[in-house]
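Enquirer: turn this into a structure:
(3 chains)
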Amino acid sequence: MLEKAFSGGRTYWSWITWLALLCIAGFLCYLSQLRDGLAVTGMGRSVSWGLYIANFTFFVGVAASAVCVVLPYYLHDVKAFGKITVLGEFLAVSAVVMSILFIFVDLGQPARVLNIILYPSPRSLLFWDMIVLSGYLFLNLVTGWFTLDAEYKGEQPLPWVRPLIKVSIPWAVSIHTVTAFIYAGLAGRPFWLSALLAPRFLASAFASGPALLIITALAMRRFARFDVGREAIDKVAVIVTYALATMLFFFLVEVFTVFYGAIPEETIHYRFLLFGLDKNYSLVPWAWGWIVLAAGAFVILVTRRRNERGLVVACVAVFIAMWIDKGLGLLVPGFVPSPVGEVTTYTPTVREVLITAGIWGVGGLFMTVLFKTVIAVKKAGASTQAP
Amino acid sequence: MYTKGLGIAVLALFLVPATLPLWYDAAAGRARTAPPKLELPAGKKACIEATDYMSRYHRELLARWQESVVREGRRTYVAADGKAYTMSLTKTCLGCHTDKAHFCDRCHDYLKVEPACWRCHVVPPKEGT
Amino acid sequence: MKLGRREFLRAMLGAAGACLGGRILGPALASGVPSVPVTGQARKRRWVMLVDTAACDKGGCSDCIEACHRVHNVPALPDEKERIAWIRSLPYGQVLPDERAPLVRDNLGRRSVLALCNHCENPPCVPVCPTKATFRRDDGIVMMDYHRCIGCRYCMAACPFGARSFNWRDPRPFIKEINPGFPTRTQGVVEKCNFCEERIAKGQMPACVEACTEKGLSFFDLNDPAPLNRNTLESRYFVVRRPALGTGPSVFYLVR
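Expert: Numbers count the residues shown, from 1 in each chain, chains lettered A, B, ... in the order given. Alright, predicted model coming up:
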């Protein structure tokens, strides 16, 4: 089935080439990071996690969001999702691969990564994160592949596929909850120590992942002449709208609790994020930027969801806004000010951005190859069906 | 995709690098070198264990020392002959084997291995340097 | 009701799974941090350090920091971002932010106070380590195993005191004079104060305590039936950093 990804037009191959170049650039920069250490990044003693972990957090969310199409299709028989579900599963595969790579490039001693398995530490959330991410990758790869394979052969999938899909539904929630618990259990970081962090993560994931799915579906309709169906896109857009509304509500709840309760060690991080601290305004434009983007996207989604151009603009805005909020908007204010009150600016370096872009390239390649296979199988299936 | 010629070509292309260790030196005209001679420290009669044991198991010994010192706080090693030594690469091992270049490095360079130990554990400067 | 073979196997599998799950989840959810016993000690020790903030400020020096960093091969990195410090001297309000009474703040706000790893009784950095590279010993010292550390820096995120530093690059070129009596660290691992456990093992005082000319630092075993400073600890008012977090620090600050 995979051979279908090797046949394509000029647009397809130039897209693949561009992604491959991105991967190579990222890889070369990573070699320099291995040699010179993580000093090549913009991270430091205060902000000890940066762009890599920000992207890791965000893409675990995108991976978890596959549940937004899998659950309705398999548990509630929403037939409109017939074409989009396996795409959601393969989006999850690509996103999990990216997340794992982001953790890997962030390690100071990556050759020792197997120590997590050799010396299991069940009290550490990173241990559980490795388990749930590996399991989720396996689940989605296997269920997506064998469902597609069965369709390719014109058969029903084997009986073991459906129980695995049902397991992948709560598993999707678990991967992002475990990721949120990495942050939410740290008593020394009041910006993250909130019971609402995991629900907030899920809400923003269910807004950003399906938004990416819509953008990709519309791109496939344009470039590959493959249509997942109007109804599918409409329904997914509704999911994005409700998830975005929930996410914005959760954010307002956090802001109220922090500012009305007015405990200094809690407000100081939000003040740094939204209004600047000690004349350091580095995050302020990013914070208000994502708030405006998210609010604007919400308005468009509520009023102009059926207008395709409006939908694309809104989805792009949602994706960018959620990336900022869950990425730099989560990491940096958690670290600034430091436990001893230091206010620092975090600026990713060129090499750090290129390594990040390289991993985006890897995810893009996974998505492209898998989606191309899906398109080819579904198109072949459609042409053999009796009119 | 299933042409016989292509398959054979790919297989041959794989076998060449896979068998490299067997023919590369001969092809480059390099004779097989004898194992290196190690310079033992002057005036010292024996190591903490027998030479044969040390040459085979010094890595495992050091790994056990590392676990014992760092994770158990236990620093005294009792050798097979009952003598007690401090578990320390720098102080005990390099305390006698002061010339790393003519001892440790000889075998390591011959086998092209780079023990990560030296990144952290200090090699004391030789006397007179 | 007859129990068929399949039902029996399912039940056994379920029970085994529950036991295994319990064995894994049990320790994960247990409160308190398990500690590693130290062999060869006559009685269980409990190391604590007292910092006399008045003596420290009077000295106005950094002898303790220099001694510690010299003995332990701590590199001197020029970039503030990459700086590694096992012990730092910081303003009072930053080290002891919970001491907020106005008089205290104005009088003592500018005083310099030493900040180092507190070797907590319930260290937040220990459970988060995915490889147990950082662990707590029975005698109270929170240790680092530099051989096992994968450099994920989760412990740095978890520490409420900012006590940990990471080797963003190879430290060796930045060590003025390497002390052959102690290893260096390598690129990509986290490091911090170790309460001079290698010196304690030889019956010595920590380097910082020994270096202080103002006698501002003291270090002793709380379990010692006849300690030098236990009376001081019980008769004077000592504060610890961030007490409300419940980490149980072993470093006590005398504020006078």
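Enquirer: quick one, domains of chain B?
Expert: Using automatic domain parsing, the domain ranges for chain B come out as B:48-87, B:97-129.
Enquirer: and C:Leu114, that's in a strand?
Expert: Yes: using DSSP: H, G, I helix; E, B strand; the rest coil, the assignment for C:Leu114 is a strand.
Enquirer: distance check, it against C:Met49.
Expert: Distance from C:Leu114 to C:Met49, counting by C-beta to C-beta, to the nearest Å: 9 Å. Just so you know, the C-beta spots here come from the backbone N, C-alpha and C atoms, and that holds for glycine as well.
Enquirer: with A:Arg222 instead?
Expert: A:Arg222 is 67 Å from C:Met49, where distance means C-beta to C-beta.
Enquirer: enumerate the residues of the stretch 101-250 of chain A near chain C.
Expert: A:103, A:106-110, A:112-113, A:115-116, A:118-119, A:121-127, A:130, A:182-183, A:185-189 (C-beta under 8 Å from any C-beta of the partner chain).
Enquirer: find the residues that touch each one of C:Leu114 and C:Met49.
Expert: C:Leu217 (C-beta atoms under 8 Å, 6 or more residues apart in numbering or on different chains).
Enquirer: give me the pLDDT value at A:Tyr73.
Expert: pLDDT recorded at A:Tyr73 is 95.
Enquirer: isn't it up against A:Val86?
Expert: No: contact criterion C-beta atoms under 8 Å: A:Tyr73 and A:Val86 do not qualify, at 9.5 Å.
Enquirer: for the two, indicate the residue with more neighbours.
Expert: Each of A:Tyr73 and A:Val86 has its neighbours counted (other C-beta atoms under 10 Å in any protein chain shown); A:Val86 has more, 27 against 19.
Enquirer: thought that one was touching A:Phe146?
Expert: No: counting by C-beta under 8 Å, A:Val86 stays clear of A:Phe146, with 10.3 Å between them.
Enquirer: residues contacting the residue in the stretch 151-256 of chain C that chain A sits nearest to?
Expert: Closest residue of the stretch 151-256 of chain C to chain A, C-beta to the nearest C-beta: C:Gly151 (2.0 Å). Applying C-beta under 8 Å, 6+ apart to C:Gly151 gives the contacts A:Leu38, A:Leu107, A:Gly108, A:Gln109, A:Pro110, A:Arg112, C:Phe166, C:Asn167, C:Gly188, C:Val189, C:Val190.
Enquirer: where do the strands sit along chain C?
Expert: C:47-52, C:87-91, C:112-116, C:134-136, C:142-144, C:165-166, C:190-191, C:217-221, C:238-239, C:251-254 (DSSP state E).
Enquirer: of all these, which one is nearest A:Ser46?
Expert: strand C:165-166 (10.8 Å; C-beta to C-beta).
Enquirer: contacting residues for A:Leu370?
Expert: Taking C-beta under 8 Å, 6+ apart, one finds A:Ala5, A:Phe90, A:Val93, A:Ser94, A:Gly144 in contact with A:Leu370.
Enquirer: ok, A:Val132 next?
Expert: Shown in contact with A:Val132 (C-beta under 8 Å, 6+ apart): A:Trp171, A:Ser174, A:Ile175, A:Val178.
Enquirer: pretty sure the third one contacts A:Ala63?
Expert: It refers to A:Ile175. Yes: using C-beta under 8 Å, A:Ile175 is in contact with A:Ala63, at 6.6 Å.
Enquirer: so what sits against both of these two?
Expert: Counting by C-beta under 8 Å, 6+ apart, the common neighbours of A:Ile175 and A:Ala63 are A:Val96, A:Tyr136.
Enquirer: which other helices and strands contact the least confident helix or strand in chain B by mean pLDDT?
Expert: Least confident helix or strand of chain B, by mean pLDDT, DSSP states H and E, is helix B:20-27 with a mean of 83. Packed against helix B:20-27, as judged by 3 or more C-beta pairs under 8 Å, 6 or more residues apart in numbering or on different chains; DSSP states H and E, are no other helices or strands.
Enquirer: from A:Gly358, how far off is A:Asn130?
Expert: Careful, residue A:130 is Met; it's not Asn. 22 Å.
Enquirer: those two: which has the busier surroundings?
Expert: A direct count of neighbours by other C-beta under 10 Å for A:Met130 and A:Gly358 places A:Gly358 higher, at 23 against 19.
Enquirer: tell me how far the nearest residue to C:Asn223 once chain neighbours are set aside lies from C:Gly216.
Expert: Distances taken as C-beta to C-beta, 6 or more residues apart in numbering or on different chains place C:Arg46 nearest to C:Asn223, at 4.7 Å, with adjacent residues excluded. Relative to C:Gly216, C:Arg46 is positioned 21 Å away (C-beta to C-beta).
Enquirer: quick check: residues of chain C near chain B?
Expert: The interface of chain C toward chain B, taken as C-beta under 8 Å from any C-beta, is made up of C:36-41, C:73, C:135, C:137, C:139, C:143, C:145-147, C:178-187, C:197, C:201.
Enquirer: show me which of those residues are buried.
Expert: The neighbour count (16 or more other C-beta atoms under 10 Å in any protein chain shown) marks C:36, C:38, C:73, C:135, C:137, C:139, C:143, C:145-147, C:178, C:182-187, C:197 as buried among the residues of chain C next to chain B.
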